[in-house]
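# I'd like to go over a predicted model; first the sequence, then the structure.
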Amino acid sequence: MTVRYDPAFLKKLKKLDVRVRKSFRERIALFARDPQNPQLNNHSLTREYVNFRSVDITNDYRALYAEKDEGDEIVAYFEEIGTHNELYGKTRQ
């Protein structure tokens, strides 16, 4: 599966702590080899994130992506990254 990133995703990723960025690189390498690896906890989402999937980056950070068809290939297009509370918390706007 090909992996692509939304420009806003990359901008936010650059602002994160170096440990989170390192974990992200490791998890994306794992994702590219095996998107369903249990360490990723890859699962579909509901409500405002319907049609998105989530993978675990750290104990608290998640990366959200949508699968898009491009020709005969499926692309994982990463659009959001943040802590569990930032993404799913009741204070999210």
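Nice, I can see it.
# just give me the longest helix of the chain.
In the chain, with assignment by DSSP state H, the single longest helix is helix 18-33.
# and that one, what's buried?
20, 23, 24, 27, 28, 31 (16 or more other C-beta atoms under 10 Å). In this view, the C-beta of every residue, glycine as well, is placed from N, C-alpha and C.
# buried stuff in the helix or strand of the chain with the lowest mean pLDDT?
Per-element confidence for the chain was summarised using mean pLDDT, DSSP states H and E. The lowest value among helices and strands belongs to helix 84-88, with a mean of 91. With burial defined by 16+ other C-beta under 10 Å, the residues of helix 84-88 counted as buried are residue 87.
# and it, how far from the chain's centre?
Averaging C-alpha coordinates over helix 84-88 and over its chain gives two centres that are 12 Å apart (C-alpha atoms, centre = their mean, to the nearest Å).
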